[in-house]
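Undergrad: Okay, predicted coordinates and the sequence, questions at the end:
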Amino acid sequence: MKSRHSKWLSMPFLAWSILFILIPLFMIFYYGFVDKSGQFTTENILSIMKPEHLKALGLSILLSMIATIICLILAYPLSMILSRLGVNQNSFIVLIFILPMWMNFLLRTLAWQTLLEKTGVINSILSFLHLPALNIINTPYAIILGMVYNFLPFMVLPIYNSLIKLDKDVINAARDLGANGVQTFIKVIFPLTLPGVISGITMVFIPALTTFVISNLLGGSKILLIGNVIEQEFTHASNWNLGSGLSLIMMIFIIISMGASTIFDKNGEAGLI
Amino acid sequence: MANKLIDLLGITKSYNNNIVLDDFNLYIRENEFLTLLGPSGCGKTTTLRIIGGFEQPDSGKVMLDGRDITNVPPNKRQLNTVFQKYALFTHMTIAENIAFGLKLKNKSKTYIDDKIKYALKLVNLDGYGNRKPDSLSGGQQQRIAIARAIVNEPKILLLDEPLGALDLKLRQDMQYELIRLKNELGITFIYVTHDQEEALTMSDTIVVMNQGYIQQIGTPEDIYNEPQNAFVADFIGDSNLIDAVMIEDRLVSFLNAKWNCVDENFGVNKPVDVVIRPEDVVLCKPEDGTISGEVTHVIFKGVHYEMEVMAGNFEWLVHSTLMHPVGEKVGITVDPFNIQIMNKPESEDEEVAYIEE
């Protein structure tokens, strides 16, 4: 009885998945493995080995990793502070923290562009104060800044969640058995919140790896990440086959990082993906 | 008598202007199984957490073996705690859990391995070392929590309602196990519970607490047979608690009748509380009773019948192996020795003075 009911209930989602997930995915596969005349080829996939594509992929991975590490360094202590606050205070502060996420992603990134421009808000203030100008727009630094700014909440939330779920008495038990503050953190608190950390890393690393909006707006046209390359193949070069081939490569990277996160998150505690 | 191992001196603690403990004094002797017993919010857990070092008293001192440890952090105190919800480290194996404290003390590997083996044997969980806590039942996890604490050879083991989450049968088994452990290890146990039966079964000394004050300290027999006030009588076991007037020495009046008792020195015509345990109420023929009434309820409880008798406008709770059917007219007598007279508290949270032992 129960299973038949749930089968019917799942129909709308099943239809949705087939129409908008499976079919598009199949089409990407199809385009990725044929050339413009429809003949089977592995050229699109192998074009990742071209130096300009490898460079874009390498830069993407590097910048995403740096952004992820910065997010982690910022998010963990912040989450610890948040998790220790009383309920009233903490929901208010979490709200303040989440508030920017309710604004449009594009708008927030455009705002950074305006702030960072050579004659932008920050430099106007700096020159008014007779301080040296900040020239990071159109550099990888600006891209990292954009990534950290946009994706930080995705690191904070899973870590914060795993920290508040941690039984206070587990920490007390570690102290009770002779661990000082640092030992308690290293041996108990951090390992027990690792699922949250892994979840946060995945949730920052994957969108950072595939972004093209942040690199477009803050990196100018000079710095190409793999996301920009794919985007340009679809829009400017109209080479859907090459774009699909490179997308499939990206998918492999994403599957690998998701796979790594499920290995660590055996209990499904973080469960945000 | 053995010396004072823990001495709490004038401990006061409040949360958000809500006083939990007010000038609380208590000492615990070496090798004692002491239970802090009381309803939730009576301050028993706070007392334990102050001894463990997880809470700081607002004022007062905690002495361990004559040394002031009030400001010593938990990791520097020679005592270990067994937490209510076990608080095992779920990311470690059972063996790693038990080894946690020993590794921090830089003990040798052979010493640690021996200790793990010994501790697992002690709690009857031989061979569970490589399993993860999640794969164990609640009772097994609790025993691991105890093993993890005792391998550190603490002077005192603090137990915070450790059996609260277990079912009845398991709880009774664990009570015997705890008594056995205490006797084998020869360490002091401080045990917190709201379950009076648990307290009566295991303790050498029971401290009954209410609203941050000690109501009575004594052996389980003292507490049960000679409750010092209405709160203790009501909290420990079933009881008939009746308003009374002490007419003179050895004579008390309640429910419009005069009863012989054995208490003296309460004064003349003084209002008091009387407590009579249900098993001490004797039912007889109506004309032989000090007062008489009618049986209103009968329940079979296994060992005895539990009956309610309406007599003298009071609903008596009676335990007896002899059944009297509902509607039967009965008389009630009580052996003078079984009438416990108590002073009425002057205020609700009046502190009862210490008892000389």
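TA: Looks like it came in fine. Numbering: from 1, shown residues only, chains lettered A, B, ... in the order given.
Undergrad: Get me the contact residues on chain B for chain A.
TA: Chain B comes close to chain A at residues B:52-54, B:73-75, B:80-81, B:83-85, B:87-91, B:100-101, B:104-105, B:148-149, B:152, as judged by CB under 8 Å from any CB of the partner chain. Heads up, the C-betas are built off the backbone N, CA and C, glycines and all.
Undergrad: Show me which residues of chain A sit near chain B.
TA: Residues of chain A lying near chain B (CB under 8 Å from any CB): A:167, A:169-170, A:172-180, A:183, A:187-188, A:191-192, A:194.
Undergrad: now, which of the residues of chain B next to chain A lie within helices?
TA: B:Gly52, B:Phe100, B:Gly101, B:Leu104, B:Arg148, B:Ala149 (DSSP state H).
Undergrad: In a markdown table, list those along with pLDDT and neighbour count.
TA: What follows is those, written out as a markdown table (pLDDT from 0 to 100; neighbours: other CB atoms under 10 Å in any protein chain shown):
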| residue | pLDDT | neighbour count |
| --- | --- | --- |
| B:Gly52 | 94 | 22 |
| B:Phe100 | 96 | 24 |
| B:Gly101 | 95 | 26 |
| B:Leu104 | 94 | 18 |
| B:Arg148 | 94 | 29 |
| B:Ala149 | 93 | 26 |
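Undergrad: Looking at chain B, which helix is longest?
TA: Longest helix in chain B by number of residues (criterion: DSSP H): helix B:168-185.
Undergrad: Flag every buried residue along that one.
TA: Buried residues in helix B:168-185, defined by neighbour count with 16 or more other CB atoms under 10 Å in any protein chain shown: B:Leu170, B:Arg171, B:Met174, B:Gln175, B:Glu177, B:Leu178, B:Leu181, B:Lys182.
Undergrad: model confidence over that helix, on average?
TA: Throughout helix B:168-185, pLDDT has a mean value of 87.
Undergrad: One more: stretch A:14-34?
TA: 93.
Undergrad: for that stretch, which positions count as buried?
TA: A:Ile28, A:Tyr31, A:Gly32, A:Phe33, A:Val34.
Undergrad: can you list contacts of it?
TA: With CB atoms under 8 Å, 6 or more residues apart in numbering or on different chains as the test, stretch A:14-34 has contacts from A:Phe40, A:Thr41, A:Thr42, A:Asn44, A:Ile45, A:Trp240, A:Asn241, A:Gly243, A:Ser244, A:Gly245, A:Ser247, A:Leu248.
Undergrad: From one end of that stretch to the other, what's the distance?
TA: Using CA to CA, to the nearest Å, one end of stretch A:14-34 lies 28 Å from the other.
Undergrad: try stretch A:124-138
TA: Start and end residues of stretch A:124-138 are separated by 18 Å (CA to CA).
Undergrad: Report the mean confidence score over it.
TA: pLDDT averaged over stretch A:124-138 gives 87.
Undergrad: Flag every buried residue along that stretch.
TA: Under 16+ other CB under 10 Å, the buried positions of stretch A:124-138 are A:Leu134, A:Ile137, A:Asn138.
Undergrad: Export the residues you listed to a markdown table and append columns for distance to B:Leu120 and secondary structure.
TA: As requested, those are exported to a markdown table (distance: CB to CB, whole Å; DSSP: H, G, I helix; E, B strand; the rest coil):
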| residue | distance to B:Leu120 | secondary structure |
| --- | --- | --- |
| A:Leu134 | 62 | coil |
| A:Ile137 | 63 | coil |
| A:Asn138 | 64 | coil |
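Undergrad: next structured bit after the helix or strand hosting B:Glu96?
TA: B:Glu96 is located in helix B:94-104, with elements delineated by DSSP states H and E. Tracing the chain past helix B:94-104, the next element assigned as helix or strand by DSSP H and E is helix B:109-122.
Undergrad: who does that next one touch, helix- and strand-wise?
TA: Under the contact definition 3 or more CB pairs under 8 Å, 6 or more residues apart in numbering or on different chains; DSSP states H and E, helix B:109-122 sits against helix B:94-104, helix B:138-150.
Undergrad: Which one of those has the poorest average confidence?
TA: What stands lowest among the helices and strands packed on helix B:109-122, in mean pLDDT terms, is helix B:138-150, with a mean of 92.
Undergrad: List the contacts of the helix or strand just after it.
TA: Later in the chain than helix B:138-150, the nearest helix or strand by DSSP H and E is strand B:156-160. Defining contact as CB under 8 Å, 6+ apart, one finds that strand B:156-160 is touched by B:5-6, B:28, B:45, B:48-49, B:51-52, B:64, B:78-84, B:146, B:149-150, B:178, B:187-192.
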